[in-house]
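J.: With the sequence up front, the predicted model follows.
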Amino acid sequence: MAIISPIHQQTLLEILETVKDPEVPVLSVIDLGIIREINRVTKAGEGDCWEIIITPTYSGCPAMDMIATGIRMALYAAGITGFRIITRLSPAWTTEWMTESGKEKLKAYGIAPPRPLPKQLHNALFEETLPVPCPRCGSVHTSLLSQFGSTACKALHQCDDCKEPFDYFKCH
Amino acid sequence: MVKERATMITAQPSYLLHLADNALILGHRNSEWCGHGPVLEQDIALTNIALDLIGQSRYFFQYAAEQMGADATEDSLAYLRDERSYLNFLMLELPRGDWGMTVARQFLFSHYQRLLFEGLIASKDKRIAAISEKALKEVRYHARWSSEWMIRLGDGTEESHHRVQESLDHLWAYTSEFFLDEPFDAALLESGIGILPSGLKDDWRGAIDPVLAEAGLKISAGAWQHSGGRKGSHTEHLGYILAEMQFLQRAHPGASW
């Protein structure tokens, strides 16, 4: 009879690190900050199980279903079946939850990482925003081409020095 | 067969359906631009906005389905309800028109939606509060994007000014409906779940008027105002949307990917 050793939270985290965002394949679900909690819970009659709490990035992001499936597949592949994935909306996802290593990976991939969220959220419609450094040449002489880029989480910018257009992972 | 569930709808699911229907119908209208935008970036912008709205509608539909129980699902609520059960504002079902019409509608609605969600964040219904918190972040982008376009078109060429002004004149007759208090709004306010729509009007004017002034656009005050969407009385246009959107589920019940 096979002996199943207890799975530790660390093992789960290592598995989740292999689940990538299908649209930005350098970022794992951990880097993105969409894994909010991992809890060991006991339910009467059901025994122990892991509860993995995730939060969506954008309401209509089509990658979210794929990401949840990716998590399920990765855990099954590791032989883990006793888990539930729960989606939680509040507090709403923010790019502040992206890991520093995630931001580095984004930059290396050619996407400008999100800037820190302004300390005070002002409601001014056309508030001035700090320039987004070009992920290729580092210049801060860049301009916004479109607030909406190839996916909901990105805006399209262009570098005024090296002239390359680039995606910016919007601060959200 | 899915039975007509109108009789089961209590105050709260009907409010959730109103919020869901608004987002779904405008999301659907905007999605008609996919592949037809004036330039690629704006085609993408509008389909992104459509996706946000359809995502928001799913949260409200899922919640409504849970409240209603039985065999209600987010899909049955979107695909199997008839026109008279839809509770969206009339403005959102109007044909997309030209770019000016689409932008002007987004502008008028996004500013309303922003104020609504800012209010609903404090809802005692924690689920509504959570969805509002999530959606608000997206709606702020929509308000900004559409405001920039109002200025660009209004303060642009003679042709763009003329066309967006015509759109604004046409749409203005559908704006009062955003701020009409229905009897159940008072009950929602009383229970701490909702807010009074009439209370949003001044802030809404405070948000849109400066943008319109900068765009050089004028409001044709005193125009006839249409209403009835929240009671299920719609324009002829909703039926066409539903015919297209619901066709597959009506022809092949239960079909899935």
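T.: Structure received.

J.: burial of B:A223, as a residue count?
T.: Residues near B:A223, counting by other CB atoms under 10 Å in any protein chain shown, number 14. (Each C-beta comes from the backbone N, C-alpha and C, glycine too.)

J.: Next, it: phi, psi?
T.: Here is the backbone geometry of B:A223 (degrees, to the nearest 10): phi -70, psi 160.

J.: can you pull the contacts of A:P133?
T.: Neighbour list for A:P133: A:A112, A:S139, A:V140, A:T142 [criterion: CB atoms under 8 Å, 6 or more residues apart in numbering or on different chains].

J.: Roughly how far does it sit from A:T151?
T.: 20 Å (CB to CB, to the nearest Å).

J.: repeat for A:H8
T.: 34 Å.

J.: if we can go back for a sec, next step: the contacts of A:P133 restricted to strands.
T.: Residues of the contacts of A:P133 located in strands (DSSP state E): A:A112, A:T142.

J.: ok, back up a step: A:H8 and A:T151 - which one has more neighbours?
T.: In terms of neighbours (other CB under 10 Å), A:T151 is the more surrounded of A:H8 and A:T151; the figures are 20 against 10.

J.: would the more buried one count as being in a strand?
T.: No: read with DSSP: H, G, I helix; E, B strand; the rest coil, A:T151 is coil and lies in no strand.

J.: Spatially nearest residue to it, not counting backbone neighbours?
T.: If the residues on either side of it in the chain are set aside, A:T151 comes closest to A:E23, at 5.0 Å by CB to CB, 6 or more residues apart in numbering or on different chains.

J.: Can you see whether stretch B:142-156 contacts chain A, counting any residue in it?
T.: Yes: interface with chain A: stretch B:142-156 contributes B:A143, B:R144, B:W145, B:S147, B:E148 (CB under 8 Å from any CB of the partner chain).

J.: List the buried residues for the strand or helix carrying the third one?
T.: Applying DSSP states H and E as the criterion places B:W145 in helix B:126-154. Buried positions in helix B:126-154, judged by neighbour count with 16 or more other CB atoms under 10 Å in any protein chain shown: B:127-151, B:153-154.

J.: So which other helices or strands are in contact with the one helix or strand A:S101 maps to?
T.: Following DSSP H and E, one finds A:S101 within helix A:100-109. Packed against helix A:100-109 by the contact rule (3 or more CB pairs under 8 Å, 6 or more residues apart in numbering or on different chains; DSSP states H and E) you find helix A:29-32.

J.: quick one: the helix it packs on to chain centroid distance?
T.: In terms of CA atoms, centre = their mean, to the nearest Å, the centre of helix A:29-32 is set 4 Å apart from its chain centre.

J.: Stretch B:21-41 too?
T.: Counting by CA atoms, centre = their mean, stretch B:21-41 comes out at 12 Å from the chain centroid.

J.: now swap in stretch A:97-109 and tell me
T.: Taking the mean of its C-alpha atoms, stretch A:97-109 sits 10 Å from the chain's own mean (CA atoms, centre = their mean).

J.: what residues does it touch?
T.: Under the criterion CB under 8 Å, 6+ apart, residues A:24, A:26-28, A:30-34, A:112-114, A:135, A:169 lie in contact with stretch A:97-109.

J.: make it 7 Å
T.: A:V26, A:L27, A:I30, A:D31, A:L32, A:G33, A:P113, A:P114, A:P135, A:F169 (CB atoms under 7 Å, 6 or more residues apart in numbering or on different chains).

J.: Show me which pair in those is furthest apart.
T.: Spanning the widest gap among these are A:I30 and A:P135, at 21.4 Å by CB to CB.

J.: the more surrounded of these two?
T.: Between A:I30 and A:P135, counting by other CB under 10 Å, A:P135 is the more crowded of the two (22 against 18).

J.: can you list the weak-confidence ranges in chain A?
T.: Along chain A, segments meeting pLDDT under 70 span A:1-6, A:119-129.

J.: Chain B contacts on that one?
T.: Neighbours of chain B within chain A, by CB under 7 Å from any CB of the partner chain: A:58-60, A:89-90, A:92, A:125, A:145-148, A:152, A:156, A:172.

J.: swap the cut-off to 10 Å and go again
T.: Residues of chain A lying close to chain B (CB under 10 Å from any CB of the partner chain) are A:55-62, A:64, A:87-94, A:121, A:123-127, A:145-156, A:170, A:172.

J.: Just the buried subset of the residues you listed, written out for PyMOL, thanks.
T.: Burial among those is assessed by 16+ other CB under 10 Å; the matching PyMOL selection reads:
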select buried, chain A and resi 55+56+57+58+59+60+61+64+89+92+93+146+147+148+149+151+152+153+154+155+156+170+172
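
J.: wait, what's in contact with the residue nearest the centre of chain A?
T.: Residue closest to the mean C-alpha point of chain A, counted by CA atoms, centre = their mean, is A:L32 at 2.0 Å. Contacts for A:L32 were tallied using CB atoms under 10 Å, 6 or more residues apart in numbering or on different chains; they are A:19-21, A:24, A:54-55, A:57, A:63, A:67, A:93, A:95, A:97-99, A:102, A:153, A:169.

J.: any idea how far it is from chain B?
T.: According to CB to the nearest CB, to the nearest Å, A:L32 and chain B sit 16 Å apart.
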